[in-house]
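Engineer: Here is a sequence with its predicted model. Questions after.
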Amino acid sequence: MLEILLAGGWALVPILVCSLAALAIVLERFWALRRAAVLPPGLGEEVREWARSAQLDASHLASLEKGSPLGELFAGALAVRDRPREIIKERIEDTGRHVVHRMERYLNTLGTIALIGPLLGLLGTVIGLIRMFMNVMAGGIGDPTKMAGGIGEALICTAFGLIVSIPAYVLHRYFRSKVGGYVVQMEKEATALLDDLSARAPASRRRTTDAQAPAPAKQAG
């Protein structure tokens, strides 16, 4: 294996660097995008129960926000739970954009590696062919070994470029699809919480209005 790497020449170095970066990104995203870490089971019903029983304070919201992406989305909505539905919805949308951006972290880099892998392999191929022709110009074609080094370098770089780019492209598409599925489920959970908060809001506002209304004046006897 070491002989193959050495035969690939210096053009193989950036391909190997890209492969290590892609491997690190894939392992990190597999861990970060676990379903239990993004959509903890039962969290939606638990949060809606908190909202119904008014068991919400700053500590609840802080722990909810740090617990998971879904919890962060819920915390954003609950922070303005006493506002009109439109304001709560806007907060959910704003928070959701930040949550999705974090879930897609490093995926652009992985997609770039999938794109440039074949190009780096092509670069190595061109360099290997140039070396082969330079050897032919210097000593003729009588000795096949003078051509073998350039051909080997060209083929090795091409192969390694494809070996890196194909899995990177497949996993990039996989993670994009996974994030898209999570977004759909998070939208459903957020809509359920929004409906629950909107249903409670009129009754809460009525109680507040009744409490602030002046008492009727006593009629003179």
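Structural biologist: Now that the structure is in, tell me what you want to look at.
Engineer: Please tell me how far the closest residue in space to Glu189 that isn't next to it in sequence sits from Ala114.
Structural biologist: The spatially closest residue to Glu189, leaving aside those adjacent along the chain, is Gly44, at 4.3 Å (Cβ to Cβ, 6 or more residues apart in numbering). Where you see a C-beta, it was placed from the backbone N, CA and C, and this is true even at glycine. Gly44 sits 35 Å away from Ala114, taking Cβ to Cβ, to the nearest Å as the criterion.
Engineer: so where do the helices sit in the chain?
Structural biologist: Ranges of helices in the chain, per DSSP state H, are 2-7, 12-32, 35-38, 43-53, 58-67, 69-78, 85-103, 107-139, 145-212.
Engineer: Could you identify which of those helices is most buried?
Structural biologist: With neighbours defined as mean count of other Cβ atoms under 10 Å, the helices of the chain peak in mean count at helix 69-78, which reaches a mean of 23.
Engineer: Just the residues contacting that helix, thanks.
Structural biologist: Defining contact as Cβ atoms under 8 Å, 6 or more residues apart in numbering, one finds that helix 69-78 is touched by 38-40, 43-44, 47, 51, 56, 61-66, 88, 91-92, 94-96, 98-99, 102-103, 182, 186, 189-190, 193-194, 197.
Engineer: so how far is Leu20 from Ile151?
Structural biologist: 27 Å.
Engineer: Skipping adjacent residues, who's closest to Trp31 in space?
Structural biologist: Ala37 (7.9 Å).
Engineer: try Val99
Structural biologist: Pro69 (4.6 Å).
Engineer: pLDDT value on the one you found, please?
Structural biologist: pLDDT, Pro69: 92.
Engineer: cool, and Gly221?
Structural biologist: The score at Gly221 is 37. That number is its pLDDT.
Engineer: got it, and Gly111?
Structural biologist: At Gly111, pLDDT is 95.
Engineer: Would you mind measuring from it to Cys18?
Structural biologist: Distance from Gly111 to Cys18, by Cβ to Cβ: 12 Å.
Engineer: Tell me the residues that contact both of these two, please.
Structural biologist: Ala168.
Engineer: Run through the residues that contact the residue nearest to Glu189.
Structural biologist: 70, 74, 189, 192-193 are the contacts of Gly44 under Cβ under 8 Å, 6+ apart.
Engineer: Take the residues you listed and write them to JSON lines, including distance to Pro167.
Structural biologist: Compiled in JSON lines, those are given as follows (distance: Cβ to Cβ, whole Å):
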{"residue": "Leu70", "distance to Pro167": "29"}
{"residue": "Phe74", "distance to Pro167": "35"}
{"residue": "Glu189", "distance to Pro167": "32"}
{"residue": "Ala192", "distance to Pro167": "38"}
{"residue": "Leu193", "distance to Pro167": "38"}
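Engineer: what's the first-to-last distance across stretch 52-60?
Structural biologist: 14 Å (Cα to Cα, to the nearest Å).
Engineer: for it, the distance to its chain's centre please.
Structural biologist: Using Cα atoms, centre = their mean, to the nearest Å, the mean C-alpha position of stretch 52-60 is found 30 Å from that of the whole chain.
Engineer: Identify the residues contacting it?
Structural biologist: 50, 78, 81, 196, 200.
Engineer: Isn't the fourth one up against Val47?
Structural biologist: No: applying Cβ atoms under 8 Å, one finds Asp196 not in contact with Val47, separated by 9.2 Å.
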